[in-house]
Every structure is written in structure tokens, then in C-alpha cells.
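Q: Okay, predicted coordinates and the sequence, questions at the end:
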Amino acid sequence: MKKLMLLLLLVTPVLAEAQTTDDFFDIQRMQDVRLVMSSRDLAEMRENYNDSKYYVADFTWNGIRVRNVGIKMRGLATRSPIKPGLRVDFNRYIAKQKFLGLHSVILDNALKDPSFIRERTSMAFIEHMGQPASRESFGRLYINGEYEGV
């Protein structure tokens, strides 16, 4: 009986815990965000990085995939064809589509913050003062399997 129980434990699939926004914004963990989009759209987005045109992509984080999201370049002085700062709108092309309850996320390229701590420190201070603050986490961005940066 014990052998049967052990065998059942070994072959029974383990159910993954449901992911939450707290997991996505976990500051103790480096997140991996992956975007897959048409190579033609990617080339056009890089070439016209000062435009705010949306492109279709699939977004994946921690095994959760959201198809047909809208992405566009963002930022003022931080726009870059090499290290893009992106806005991801989950409901741009599919009404009411969300990711972990979120309508959109910003993938900031931190070009003006090479230390990567200014914005995080500011948001932590604002939150500590009891005011609403943007949630943040560090992450690696991959587009079509290519590493784009932190």
C-alpha cells in the first residue's frame, strides 16, 4: 500500500499555484517577459521608434500567454530602437482581455537610470508615505527570443 501511495505521488501531476499581480511585481525575483511578433512589424517598430503606432504581439510571462496584445514604443527622451520602452495593452485588439486583472503594463527601458534604482526607490518612498504608487519589478525582456535588456 505504501509503495502504491508513493507511486501515485510520483506520477500525479503537480498543480501550479495561480499566478497573481503580486507574483508579477515581486521585487525579490527577476521576471522574464517574452514578446513574439511579426519580424516585419518588429523591424518597422524599430525603424519608426518615434511613432506611437501599435503592433500585434503575443505576451508570455511565467507560462501565462496572452495572445494578440497591442504594443507600442513609449517615452520621450528615452525612446530607443535598440532598447525599447514599451506599453503593452492587453485589450487593444480583444475587448476586455486582461493579464492577471491588468489592462496594460509598461516595460520601462530605464535609459535615464543606469543604476536601475532611482524609480524603484522613489516608488518605495511614496508607498512608505501611504500614497498610491506604481508597482514595479525588474525583468528581462525578450522579443522573438532575442534578449533586449533589463
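A: That came through, no problem. Numbering: from 1, shown residues only.

Q: Was I right to think His103 contacts Asn91?
A: Yes: when contacts are counted by Cβ atoms under 8 Å, His103 is listed as touching Asn91 (5.4 Å). No exception for glycine: its C-beta is placed from N, CA and C like everyone else's.

Q: of these two, who's got more company?
A: Regarding His103 and Asn91, a neighbour count based on other Cβ atoms under 10 Å identifies Asn91 as having more, with 17 against 13.

Q: can I assume Arg74 is in contact with Val88?
A: No: taking contact to mean Cβ under 8 Å, the distance of 9.8 Å between Arg74 and Val88 leaves them out of contact.

Q: Please enumerate the shared neighbours of these two.
A: Common contact partners of Arg74 and Val88 (Cβ atoms under 8 Å, 6 or more residues apart in numbering): Ile106.

Q: This structure: strands as residue ranges?
A: Secondary structure of the chain (DSSP state E): strands located at 31-37, 55-61, 64-73, 86-89, 104-107, 139-143, 146-149.

Q: The third one pairs with which strands, parallel or anti?
A: Put plainly, it is strand 64-73. Note on strand 64-73: by DSSP bridges, its sheet partners are strand 55-61 (antiparallel), strand 86-89 (antiparallel).

Q: Export the last one to PDB, keeping only CA atoms.
A: Extracted in PDB, the C-alpha atoms of strand 86-89 (Å, rounded to 0.1, in the frame of the first residue of the first chain):
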ATOM      1  CA  LEU A  86       7.100  49.600 -24.400                       C
ATOM      2  CA  ARG A  87       3.500  49.900 -23.400                       C
ATOM      3  CA  VAL A  88       1.600  46.600 -23.600                       C
ATOM      4  CA  ASP A  89      -2.200  46.900 -23.900                       C
END
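
Q: Since that was my last question, I'll sign off now.
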